[in-house]
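S.K.: Generate coordinates for the sequence data below:
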Amino acid sequence: MSAVLSAMAPQPSEQVDWASKSYLVVDDFVGIRQLLREALRSLGARNIDQASSGGEAMGLLNKMRYDVVLCDFNLGEGKNGQQVLEEARMRNLLLPSSVFLMVSAEKSVESVMGAAEHQPDAYLVKPITEGVLLTRLNRVWRKKQVFSLIDQAYAEKDYLRAARLCDEQIAVNKVHEIDLLRMKARLMEKSGEPARARETYERVLAQREYQWARAGLAKIRLADGEFEQARQMFQTVIAENRYYIDAYDQLALSYQNMGKHEEALGILERAAKLSPNSVPRQRNLGQACLKLGNVGMAEKAFRKCIAIGEYSIRKTPDAYLGLARVCGLKNDPKEALQLLITAQREFGAEHPDLELRTKITEGLVYHESGDYRRARKAGDELEALLQATGERPDVATCIEMATLLFAVGVKEAPVDLLCYVIRNNHDNTLLHDEVQAIFEKARMGEEGEKLIRGARKEAIDLMNQGVLLWKTNKLAEAVEWMRNARAALPHNVRILFNSAQILISHMQQRGYSLALHDEAHGVLSHVDRLQPGQQRFAQLMEQLLLLAPKPEAPAETEAEADAAPAG
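M.R.: Coordinates of the predicted model:
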């Protein structure tokens, strides 16, 4: 295999055939597009498409997979270059080997930081000479070819195969060794092997002090629950490089896990000032402010989130609902209700739970602005909805609904909701504390403690019984038990993982079944949607892929058999 990879890897002296590649040039000024097109033609390029806006670029990317994209950062009205790159990556509109070059006259930290967060293959500042363009294209193209098979395996979520491909490339491609080690370390984390990830980061740090490797070690500490050690390491990374934005996000998470929400908010605020054009970061900042009662900063963050998210694929209803809450707290229910109508209009089709979420927010807005009669009416409607269906929303929505129902004087329904949350997250102690705080606020502190203990025990007993059946080799009964457990607790990640493990064990011991394979794959996909990057996901996914029967080689035809030489 190494010999094959060596043959595939481009050599430093090897000329890239730019004439055979396909190109997309995106710029809102026709003169700039023509200049870039002529620069590409001087390299021999023939297949060059052009777009004058982000929307037009997305239409072309949706139809064709380009080898090279040259995209301006500022594209006038509509999507900017950062949003084009972000959406193209999220929708898999770029091949693993595609090159995306961000082009801009902007030199501000804000613009460069925003683009860099979404990882273009290079950031070119205008004016661009043919020589600079060729040098950057050659460098980036060769690197992309080294990573193309690894990126493909990564896109398929086959993280262990991708890690093995990294090792094989390291053996034949010393030029990109550090970048390959960086990718391998990330893959080891995703594959549930933090010890091997730590070894890889330490191997890098033995050669040179890279901040991303130091941050990688800190993330492993964070995942292991060593929050104080992680905090110290992230702070060291930021002290060395104040523009390392991901370290701010992770530092804020460390503080949140330590229960230091004021400190976490301060860090998120600093990160948002350095790189203000991130929709998720502004949303997170707004939600953190809202939780701590900092209404002014919450409003600023949510309004910024809505403004920069107008043309972004990361646009969600959360900022609209958050801003509506802010308006309720400012005693402005009129704007709050208008925001809820806007959210329903813009997101209702793709978010089936939005009607429920807007009704909860509406009730909270009425309550916070002092209209207790309408707040109680919203609460009664929600209680009726809960009684009419056995389905329950996600954790955050359950908690908001329980908060509203307690506030308007309902008791039984919010208790059931919070117990459901605990059963689905029986090992999440931070969430238990949050639920206990809601019970305390409802003057049910002692009763809440008993309810939390009981809900945790119920989930643990349900899971342990399935594991016991599995370990005593009652595989069919274990499979059926875990199906029922999944139906009762559809968001309990531990139960979902154990269910997938038991389905895989059943096939390992009793033979392959397409139905069980599809069931296990569905369970693992559900886990990855709930909590992406879980340690057991990659290991179980690889076990599942190994079980699938290999396609049989075509049988010899009579003519081929007759022509075969005699042994």
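S.K.: Sketch out the low-pLDDT regions of the stretch 51-200 of the chain for me.
M.R.: 106-118 (pLDDT under 70).
S.K.: before we move on, what SS does Tyr123 have?
M.R.: Following DSSP: H, G, I helix; E, B strand; the rest coil, we place Tyr123 in the strand state.
S.K.: count of residues packed around it?
M.R.: Counted with other CB atoms under 10 Å, the neighbours of Tyr123 add up to 16. C-betas here are computed from N, CA, C, even on glycine.
S.K.: Equivalent analysis for Arg182, please.
M.R.: Arg182: 19 neighbours (other CB under 10 Å).
S.K.: my guess is it is in a helix, correct?
M.R.: Yes: per three-state DSSP, Arg182 lies within a helix segment.
S.K.: any low-confidence regions in the chain?
M.R.: Applying pLDDT under 70 to the chain picks out residues 1-14, 106-118, 533, 535, 551-567.
S.K.: so where do the strands sit in it?
M.R.: Counting by DSSP state E, the chain has these strands, from start to end: 22-26, 47-51, 68-72, 99-104, 122-125.
S.K.: How much space separates Leu274 from Glu209?
M.R.: 22 Å (CB to CB, to the nearest Å).
S.K.: Might one say that Asp167 is in contact with Lys184?
M.R.: Yes: contact criterion CB atoms under 8 Å: Asp167 and Lys184 qualify, at 7.0 Å.
S.K.: Mind checking which of those two has more residues around it?
M.R.: Lys184 (26 against 12).
S.K.: Not counting its neighbours along the chain, what's nearest that one?
M.R.: Leaving aside its sequence neighbours, Lys184 sits nearest to Cys166 (CB to CB, 6 or more residues apart in numbering; 4.0 Å).
S.K.: how deep is that neighbour tucked in, by neighbour count?
M.R.: Using other CB under 10 Å, the number of residues around Cys166 comes to 28.
S.K.: show me the contacts for it.
M.R.: Ile150, Leu180, Leu181, Met183, Lys184, Leu187 (CB atoms under 8 Å, 6 or more residues apart in numbering).
S.K.: for Met90, same thing?
M.R.: With CB under 8 Å, 6+ apart, Met90 has these contacts: Ile313, Arg314.
S.K.: now it: how far from Val84?
M.R.: Distance from Met90 to Val84, counting by CB to CB: 11 Å.
S.K.: any common contacting residues for the two?
M.R.: When contacts are counted by CB under 8 Å, 6+ apart, Met90 and Val84 have no shared neighbour.
S.K.: Would you check how far apart Gln543 and Ser525 are?
M.R.: Gln543 sits 15 Å away from Ser525, going by CB to CB.
S.K.: Give me the more crowded residue out of these two.
M.R.: Comparing Gln543 with Ser525 by other CB under 10 Å, the one with more neighbours is Gln543, at 17 against 14.
S.K.: How about that one, nearest residue that isn't a chain neighbour?
M.R.: Here the residue nearest Gln543, using CB to CB, 6+ apart, is Ile504, at 5.2 Å.
S.K.: wait, isn't the one you found in contact with Glu519?
M.R.: No: between Ile504 and Glu519 there is no contact under CB under 8 Å: 10.3 Å.
S.K.: returning to that earlier point: quick check: which of the strands of the chain is buried the most?
M.R.: Burial of the strands of the chain is given as mean neighbour count (mean count of other CB atoms under 10 Å); strand 68-72 ranks first at a mean of 27.
S.K.: Centre of the chain to that one, how far?
M.R.: Centroid displacement of strand 68-72 relative to its chain, using CA atoms, centre = their mean, to the nearest Å, is 24 Å.
S.K.: Contacts for it, please.
M.R.: 21-28, 32, 36, 40, 57, 61, 81, 84-85, 88, 94, 98-104, 120, 137, 141.
S.K.: Tally up the residues packed near the closest residue to Asp353 other than its chain neighbours, please.
M.R.: By the measure of CB to CB, 6+ apart, the closest residue to Asp353 outside its immediate chain neighbours is Pro393, 5.5 Å from it. For Pro393, the neighbour count with other CB under 10 Å is 18.
S.K.: and Pro393, how far is that from Val365?
M.R.: Distance from Pro393 to Val365, by CB to CB: 18 Å.
S.K.: any chance you could map the helices in the stretch 251-400 of the chain?
M.R.: Counting by DSSP state H, counting those that start in this stretch, the stretch 251-400 of the chain has helices at residues 261-274, 279-292, 295-308, 318-329, 333-347, 354-368, 372-388, 395-407.
S.K.: go on, the stretch 451-567 of the chain?
M.R.: In the stretch 451-567 of the chain, the helices defined using DSSP H, counting those that start in this stretch lie at 475-488, 493-510, 514-530, 535-547, 558-563.
S.K.: Determine which of those approaches Pro280 most closely.
M.R.: helix 514-530 (16.7 Å; CB to CB).
S.K.: in that closest one, what counts as buried?
M.R.: Buried residues in helix 514-530, defined by neighbour count with 16 or more other CB atoms under 10 Å: Leu516, His517, Glu519, Ala520, His521, Val523, Leu524, His526, Val527, Leu530.
S.K.: can you put the residues you listed in TSV and add distance to Val493?
M.R.: Below are the buried residues of helix 514-530 laid out as TSV (distance: CB to CB, whole Å):
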residue	distance to Val493
Leu516	20
His517	21
Glu519	17
Ala520	15
His521	16
Val523	11
Leu524	11
His526	9
Val527	6
Leu530	6
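S.K.: Find the nearest non-adjacent residue to Thr361, please.
M.R.: Among residues not flanking Thr361 along the chain, Leu321 sits closest, at 4.8 Å (CB to CB, 6+ apart).
S.K.: Isn't that neighbour up against Leu340?
M.R.: Yes: in this structure, Leu321 is within contact of Leu340 by CB under 8 Å, at 7.4 Å.
S.K.: shared neighbours of the two, anything?
M.R.: With CB under 8 Å, 6+ apart, Leu321 and Leu340 have common neighbours Thr358, Thr361.
S.K.: Could you double-check that Phe227 lies in contact with Asn257?
M.R.: Yes: if you go by CB under 8 Å, Phe227 and Asn257 touch, sitting 4.8 Å apart.
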